[in-house]
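Peer 1: quick check, what structure comes out for this input:
(one chain, ligands or ions: 1)
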Amino acid sequence: MSVNQQAHPGPPYGQPQPGYQGYQQPGYGGPPLPGVPQSQYGAYNGPVPGYQQPVPPQGSLRGPPASGAPPSTSGASVPAGHPGYSQFGQGDVQNGIPASAAQMHRYVRREQILTKASLGRPALPSPMQGPPLPGQTVAGPPPSQPNHVSSPPPPSSMSGPHPGPPPMGGLHGPPPPTHPPQPGYHMQQNGSFGQARGPQPNYGGAFPGTPNYGSQPGPPPPPKRLDPDSIPSPQLNELPPQQKPRHRIDPDAIPSPIQVIEDDRSNRGSEPFVTGVRGQVPPLVTTNFLVKDQGNASPRYIRCTSYNIPCTSDMAKQSQVPLAAVIKPLATLPPEETLPYLVDHGESGPVRCNRCKAYMCPFMQFIEGGRRFQCCFCSCVTEVPPHYFQHLDHTGKRVDFYDRPELSLGSYEFLATVDYCKNNKFPSPPAFIFMIDVSYNAVKSGLVRLICEELKSLLDYLPREGNMEESAIRVGFVTYNKVLHFYNVKSSLAQPQMMVVSDVADMFVPLLDGFLVNVNESRTVIASLLDQIPEMFADTRETETVFAPVIQAGLEALKAAECAGKLFIFHTSLPIAEAPGKLKNRDDRKLINTDKEKTLFQSQTSFYNNLAKDCVAQGCCVDLFLFPNQYLDVATLGVVTYHTGGSIYKYAYFQLETDRDRFLNDLRRDVQKEVGFDAVMRVRTSTGIRATDFFGAFYMSNTTDVEMAGLDCDKTITVEFKHDDKLNEDSGALLQCALLYTSCAGQRRLRIHNLSLNCCTQLADLYRNCETDTLINYLAKYAYRGVLNSPVKTVRDALVNQCAQILACYRKNCASPSSAGQLILPECMKLLPVYLNCVLKSDVLQPGPEVTTDDRAYIRQLVTSMDVAETNVFFYPRLLPLTKADVDSNSLPAAIRNSEERLSKGDIYLLENGLNIFVWVGVNVQQGLIQNLFGVSSFSQISNTLSALPILENPFSKKVRSIIDMLQGQRSRYMKLIIVKQEDKLEMLFKHFLVEDKSLSGGASYVDFLCHMHKEIRQLLS
Ligand SMILES: [Zn+2]
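Peer 2: The predicted structure is shown next:
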């Protein structure tokens, strides 16, 4: 056996590893390519500031990503003409979490208790002044009726009048008062929930005993939350929402995502997460932490909804907590962590269980002096092959335990033998085929020229294995409109040759030799081709395009070359030209909220499903870059991309000036990123549970194997498990994810991830070890698949019902007895209501009038492949007060909650959700700040059509741009920057992302939804 060591700086693999020395790893994910900044792969695990480099995502290689784009009009997806607000927010409420907040919120409570009637009241009885005991409840006034407010219907149109003041918001009317000083209230409990609240130091002004964090201390405001009217009563609940008094529930008194994130950061961010112990719940995805693999896969590869799963299916059903794992098999790791070692067992291949075929892993038991091993998954006993024999020490451990990654680590790779290859033949290196729409719109917008210019340099950065001098990937080029043009770019040619195929009904590739070439060998011919393409089609009048034949052409080319590969298709319009896969415009917004709404998400023809199947069989992955000026049916065009594990990018109303940088950054990252081809993933489990359902971008031809023509470092697969027998508390439960794939150099490999979980006979143990972010990832994917088959309302109701059951089961079985008027949430799930509400009111499940059918199909597909960090920020965006940023430190300003009432008109904020970055500027921002950030002298002069901030030489400008660059580096897509001025029409778009507020599309505010959940739970319990 030989084991190759990854060429990776300073592996924290502490044990002696004689076997790893002296081998150069032909590394999967080795050191970064020369000249390619590491930070472009920075999206590994959510906001992890410590891993980020303060350079733009594409760094010095190509210049600052967002610079130099001249201002222009912004995309037309923005609603126009909405009346501006004359009154905004609650005045200058100050935000930002003070350093001492962490100390004040240090208590870890077992559960969160909301006594509705107690909310909005002054200080509570003393029990709440100390860290509460598990199960402790708040003694409060008698319970009252829940005050669920059903949402009013959405406004009829975006240009219509505003639907009126929301019941709870502070949006209109006189500025609401803020908190009075409350002497004697010294200690803030964790999470600001279930107790009367004094002013929260980060929001309030004068607050005895704590520093004044507000920069504008004014006269003591009149009391707001002490108003007797603020206490709900049944009578009040009969009133229509508009007449209800505001703030019956103090928004500061319900669980705060920001607080939970901050608490986890301060509690768990300093120590490495060591994976040696079974069933450990990892830190949150929003926490910056390092991982040490000591036998279980890193949470960067696998996260679970619960790390302690019920022993019986009855228990699992009772709780309704879905048992699921979100798996990102090729996740990018931060540079401080060790990449999986590559193990080569030679011709015999990896050692596996005879019966279930599980791969050798740390949980296999060696017996009979090491001559046999018992499988940890199926208990079958297998002979140890002679070449693999090793003696056991006095504890029964093999003496080479620490020398072998597959015995001591949670994640590692095996070099696959020819038995693991298609047709028993080692694969050829994959190919990339660039397929460019050259119809009128594509040429006219400058897109064709842009793509060709970019490819000239980008082709030098194709993925390569760590120590290889050049990429093994071959490239080919096709252009198309109603017909296809293939190019011969053979190195011996003086000029490229074009071959036109106008019979698109039966696609074939007119040339074999010279179509797929090595970039270095054919450099001159390729450069010549890329120079000529924009000229050749400069005067085109052709507006119609085909689509399916383009994919078929790429597929046929890969078949002829007997290799896997990726198609990069740049496409602009609905393919209406006569050809297979021709589509019609079937967009119909009238279907929204009807039983036929699901058809908007379905493919309009089965043609593409069959094509996808053929592509998967060949390992032909399709990445799609769309540039639509109108409906082009993403739901149908995306089918092949979806089933082949590809990515879709969409640039509606593409304009060179505004969208150039975003598109180029996406393209660069997409071309350069790690990808495995011809991939098959199987998840094995120990006896008692099994994988029953899968969510993600893939194809399944049977019930166990997840097939992907390509799987890149950003894609996740969510797997659901069900019981098929009883589990045992002693032995726990095991997962083994095995991914077979072809590397970018054509090497066949197996990547193995193992994870051990605890099992419980008490429901409380389940609830104590859940992870809400992962739960939301699963629920969102489950719901987004559900809309293909069920009315959206049915899907929403089912989500609410399931979560109510989850929380009711906790209340009934785990919480200490208390009155029904109290809402009691498990500590680990206290954010379930707020996050669930964000899923419910997302564009897929509750579209506003400005959301197009294509947007919804696009979002649906994106979310299906997201990891936990991505769904977290997508559904609950990150909102940062830029004016609170410390220009002298590398840190981000503390985030604030996504609600309009947290905004101050004297400040500038940044909001990001993984797809967009908004910079919101209040009307009262100091002139100096405006000058420093935008280079203009007044608020009115700020252009809201900027797609990038100007590069100005002052600390504030530098700080803000470095924050934006850092955020861009953390995400798998380059986010669109949108400047929003307070009271400007674009503000409507921005407010869509203030997810704790009532939404224009009818989505409930957080407070209202929490009350609704409480009502649902009470109904289940009664
Ligand atoms: Zn087995």
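Peer 1: what separation do you get for the closest residue to the ion within the stretch 451-600 of the chain and Ser899?
Peer 2: As assessed by C-beta to the ion, the ion sits closest to Ala564 within the stretch 451-600 of the chain, at 29.8 Å. C-betas here are computed from N, CA, C, even on glycine. Taking C-beta to C-beta, to the nearest Å as the measure, Ala564 falls 48 Å from Ser899.
Peer 1: among those two, which residue is more densely surrounded?
Peer 2: Neighbours per residue (other C-beta atoms under 10 Å) separate Ala564 from Ser899, with Ala564 holding more: 26 against 20.
Peer 1: Val616 is in contact with that one, correct?
Peer 2: No: Ala564 is beyond contact range of Val616, at 10.2 Å (criterion: C-beta atoms under 8 Å).
Peer 1: what touches both of these two?
Peer 2: Counting by C-beta atoms under 8 Å, 6 or more residues apart in numbering, the common neighbours of Ala564 and Val616 are Ala709.
Peer 1: Provide the secondary structure category for whatever residue of the stretch 701-850 of the chain ends up closest to the ion.
Peer 2: Closest contact between the stretch 701-850 of the chain and the ion, by C-beta to the ion, is at Gln736 (9.7 Å). Put simply, Gln736 is strand when judged by DSSP: H, G, I helix; E, B strand; the rest coil.
Peer 1: determine the number of other residues adjacent to it.
Peer 2: The burial count for Gln736: 23, using other C-beta under 10 Å.
Peer 1: likewise the one 10 residues further on?
Peer 2: Taking other C-beta under 10 Å as the criterion, the count of residues near Gly746 is 17.
Peer 1: now the residue nearest to it when sequence neighbours are not counted, what are its backbone angles?
Peer 2: Of all residues not flanking Gly746 in the chain, Pro429 sits nearest, at 3.8 Å (C-beta to C-beta, 6 or more residues apart in numbering). Main-chain torsions, Pro429, degrees, to the nearest 10: phi -60, psi 150.
Peer 1: show the contacting residues for Pro429.
Peer 2: Contact analysis of Pro429 by C-beta under 8 Å, 6+ apart lists 472-474, 563, 744-746.
Peer 1: which among the residues you listed end up buried?
Peer 2: Listed as buried from the contacts of Pro429 are 472-474, 563, 744-746; burial here means 16 or more other C-beta atoms under 10 Å.
Peer 1: just checking, which of these belong to strands?
Peer 2: Arg474 (DSSP state E).
Peer 1: quick one: which of the buried ones among the contacts of Pro429 is nearest Phe537?
Peer 2: Nearest to Phe537, judged by C-beta to C-beta, of the buried ones among the contacts of Pro429 is Arg474 at 24.7 Å.
Peer 1: could you measure Pro385 against the ion, distance?
Peer 2: To the ion, Pro385 is 15 Å away according to C-beta to the ion, to the nearest Å.
Peer 1: hang on, isn't that residue packed against Gly349?
Peer 2: No: with contact defined as C-beta under 8 Å, Pro385 does not reach Gly349; the gap is 9.8 Å.
Peer 1: between these two, which has more neighbouring residues?
Peer 2: Gly349 (18 against 11).
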